[in-house]
Structure formats: structure tokens, C-alpha cells
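Enquirer: Provided below for reference: sequence and predicted model.
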Amino acid sequence: MSDYEKLPVTVITGFLGSGKTTLIRHLMQNPGGKRLAVVVNEFGDVGVDGDILKSCAIPECPAENIMELANGCICCTVADDFIPTIEALIKLDPQPQHIIIETSGLALPKPLLKAFDWPEIRSKITVDGVVALADAEAVASGRFAPDVAAVDAQREADDSINHETPLSEVFDDQMSCADLVLLTKCDLTAENEIEKAKNFISSRSPRSLPVIDVVEGKIDPRVVLGLEAAAEDDIDARPSHHDGPHDHDHEDFDSIVVDLSEFEKPEDLVKRIEGLAIRQNILRVKGFAVVRSKPMRLLVQAVGARVRWQYDRAWGANEDKKGRLVVIAEHDNIVRSSVEAELLG
């Protein structure tokens, strides 16, 4: 990087389980000739996403180029975490040619964009673009926001009632801040529902955005990397529900970590997670499990009652072979004893 060039950074945002990690794995394995670095900002104590990405590191994006920031939104811990991490990546030899930041599913991207204006790094990096991922099936069902017309009607009837939920505000802010929207899980969604999801996103976006169908994160890296949006200079065009002195608050959400014993078969754990989502109103479950007589680690990711699993790699010879899940829900809906009762039996 010359004195006159800024290192491009792509911010990958999106709701819980929208496919951010899957997209980044694809970009790592298909970097388009670029030398990449990745910053993963997790919500919870277990670095699941970072571990997944490190397991598929390649020469163009080696493990030392993948950094995790857990237990704290990077836009809330700029001086302590974000700035030192970016500076460390810039100093790598060879230096990355592009940095990808995977935000927590609960993060609002706009405060993060403001962090790029900090004096320590503003002359060194630029936000090449904000890429928002949206789950086609979930968006089509209106899961992340109430019906706009119905909410407006209720507000007209009584201005003192706020029918917006924290989830809808997170979704709106992510779409508002985006330069590109990737509509994911389209292979699991009917064609008419995909169109419905696109119309929904358009209705919630303050400006016209390209929306692209994506399956399993597979997209040409030239579409995602190299947008040259310089988003840090365009913040006013990206409105947020949380504009003002108090940018955002993560206290609406909480997470707990549950250690698991062995399971006879994956379906046993899947059934318990499905029951947990239905009876405890859990948003997201992700982590690893041990299946008896299997040498492979079971990777589990769930959005609501929809559970996906796969054996991602063999357990290491000296690795502590144990299962652990991160469970995320709205603050008032997560009770450790109830969650453990569902998962542990």
C-alpha cells in the first residue's frame, strides 16, 4: 500500500443466521487474486465463526490473517479492540490487500462506519462497501419486522404506542446502511416468496439497492469486493433508527453458553434445538457437538426451529473433545435453567 492508497475494507452485515460465515468462507476460498484478512466479531463467549473460518484458511488468507473479537460489539469498543486489530492487520508482512469484517448478527453497521473516521486509521483504510445478507424465507414471512401499513395505522391511532421490535430495527438499519444486499437461502424458498422478500427489502430501504440471489454463499468475488463506495464519507445517506447521542443498545439481546455431553446421533440434538426454539422463543443457536463413535466434529447452526448440521472436521488428537453451544435470544426470553433443561434433557 503506497502513501496515497487506502486499504479497502468490506463490512459483511446481516441478521442472525443469514449466511455471513458461509459467504466469507466462499470468498476466502475464491479470493479473486486478492490477499485477504478477516475480522470476526462474535456475540457470545465461544468463537464459533472464527473457528470455522480458520479451519478453511488458505495461502491467500492464512490463519494469522483471521482475527476474532468476542464479547463486545466492535463499534462499542473502538479504542480497545477495533483500532488495534486493524493496525495489526495493516502491519502484517505481506500486508493484506483487502480486509473483510463479519459483524455480529446483532450489530448495527452505521456506528461501525463512524469508527473508520478515527484519526489513527482514517488515512489508512476505506470502507469499500457494506454488504447486507438477508434470509429470503424469513424476510418473506415478515419475521424481522411488523407490517409497515399496520404499524403506521396503529401509530396514527395512538402515538404513545411503539410497535417496532428491536429485531425490526436491526434489520432496517442493516438494509439502510448497505451498498449491496445478498438474498440468501434461495434454494429453500419458493419463487413467489423470493419476490416477496425483494419487495419487502425495497420497501424498507431509503435508496435503491441491488439485491442478488445467493445459494450457499457462492458469488463471484468481483461482485462483492471492489465496490469503491467509500461508505465512511457517505454516512448521512444511511439513516438509522438509532441516530442521535445514543447510537445503539445491545441490552435487548443476551446469550448463554451450554456445555453438551455426547449424543448418539445428530438427530437427537436437532430435535432438542427445535423444541427449544418453539417453546423458549430462541433466535439463534450455533456451536459444536460430539457424536458417539464419530471421529468428526458436528457443526450445528440454527435460526429459530430451522436447524442445519454437518461434520466439519476431525477432532484433533490432543483436542478437548466436548460439545458447546451459544444460544441467543431477546433479553427477556432467555432463562438459563429452561434452556439447559431443553438441551440437556
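Expert: Everything's here; your move.
Enquirer: how does the protein divide into domains?
Expert: Using automatic domain parsing, the domain parsing of the chain gives 7-237, 253-344.
Enquirer: deepest of those domains, which one?
Expert: domain 7-237 (a mean of 19; mean count of other CB atoms under 10 Å). Where C-beta positions appear, they are placed from N, C-alpha and C, glycine not excepted.
Enquirer: Centre of the chain to that one, how far?
Expert: The chain centre lies 6 Å from the centre of domain 7-237; the measure is CA atoms, centre = their mean, to the nearest Å.
Enquirer: Between the two ends of that domain, how far is it?
Expert: 23 Å (CA to CA, to the nearest Å).
Enquirer: what about that domain, average pLDDT?
Expert: Averaging pLDDT along domain 7-237 gives 76.
Enquirer: so residue 311 makes contact with residue 300?
Expert: No: using CB atoms under 8 Å, residue 311 makes no contact with residue 300, being 10.6 Å away.
Enquirer: next structured bit after the longest strand anywhere in the chain?
Expert: In the chain, taking DSSP state E as the definition, the longest strand is strand 125-135. Downstream of strand 125-135, the next assigned helix or strand under DSSP states H and E is helix 136-140.
Enquirer: on contacts alone, who are the packing partners of that following helix?
Expert: strand 180-184, helix 191-204 (3 or more CB pairs under 8 Å, 6 or more residues apart in numbering; DSSP states H and E).
Enquirer: now with 7 Å?
Expert: Contact partners of helix 136-140 among helices and strands, from 3 or more CB pairs under 7 Å, 6 or more residues apart in numbering; DSSP states H and E: helix 191-204.
Enquirer: mind checking the end-to-end distance for stretch 214-229?
Expert: End to end - CA to CA - stretch 214-229 spans 21 Å.
Enquirer: ok, residues contacting that stretch?
Expert: Stretch 214-229 is contacted by residues 10, 19, 22-23, 25-27, 30-32, 34, 98, 127-129, 131, 179-180, 182-184, 186-187, 212 when judged by CB atoms under 7 Å, 6 or more residues apart in numbering.
Enquirer: So residue 288, which state does it fall into?
Expert: strand (DSSP: H, G, I helix; E, B strand; the rest coil).
Enquirer: With the one 10 residues further on instead?
Expert: In terms of secondary structure, residue 298 is strand; the call rests on three-state DSSP.
Enquirer: so who does it touch?
Expert: If you count contacts by CB under 7 Å, 6+ apart, then residue 298 has 266, 288, 289, 291, 309, 311 around it.
Enquirer: Repeat that for residue 321.
Expert: Residue 321 neighbours (CB under 7 Å, 6+ apart): 290, 315.
Enquirer: One more pass at 10 Å, please.
Expert: 262, 288, 290, 295, 297, 315 (CB atoms under 10 Å, 6 or more residues apart in numbering).
Enquirer: now for those, which pair is the farthest apart?
Expert: Spatial extent of the contacts of residue 321 (CB to CB) is set by the pair 288 and 295 at 13.7 Å.
Enquirer: Overlap of the contact sets of the two?
Expert: With CB under 10 Å, 6+ apart as the test, residue 288 and residue 295 both reach 313, 315, 321.
Enquirer: what sits against residue 343?
Expert: Applying CB under 10 Å, 6+ apart, the residues contacting residue 343 are 258-260, 269, 272-273, 275-276, 280, 285, 323, 325, 327.
Enquirer: Confirm that it sits in a strand.
Expert: No: per three-state DSSP, residue 343 lies outside any strand segment and is helix.
Enquirer: What's the separation between it and residue 301?
Expert: Noted for residue 343: a distance of 15 Å to residue 301, by CB to CB, to the nearest Å.
Enquirer: picking that back up, need the shared contacts of residue 288 and residue 295 in TSV with pLDDT, distance to residue 93 and secondary structure, can you?
Expert: Listed next are the shared contacts of residue 288 and residue 295 as TSV, based on pLDDT from 0 to 100; distance: CB to CB, whole Å; DSSP: H, G, I helix; E, B strand; the rest coil:
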residue	pLDDT	distance to residue 93	secondary structure
313	86	29	strand
315	89	33	coil
321	88	36	coil
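Enquirer: Out of the residues you listed, the closest to residue 205 would be?
Expert: Among these, and counting by CB to CB, the member closest to residue 205 is residue 313, at 38.4 Å.
Enquirer: you'd agree the closest one is up against residue 294?
Expert: No: between residue 313 and residue 294 there is no contact under CB atoms under 10 Å: 11.8 Å.
Enquirer: all strands for the stretch 201-345 of the chain, in order.
Expert: Shown for the stretch 201-345 of the chain, the strands assigned by DSSP state E, counting those that start in this stretch span residues 211-213, 253-260, 284-289, 296-303, 306-314, 323-330.
Enquirer: so how far is the first residue of stretch 178-188 from its last?
Expert: Note: stretch 178-188 ends 24 Å apart using CA to CA.
Enquirer: Stretch 182-202 now?
Expert: Span of stretch 182-202 from end to end, CA to CA: 13 Å.
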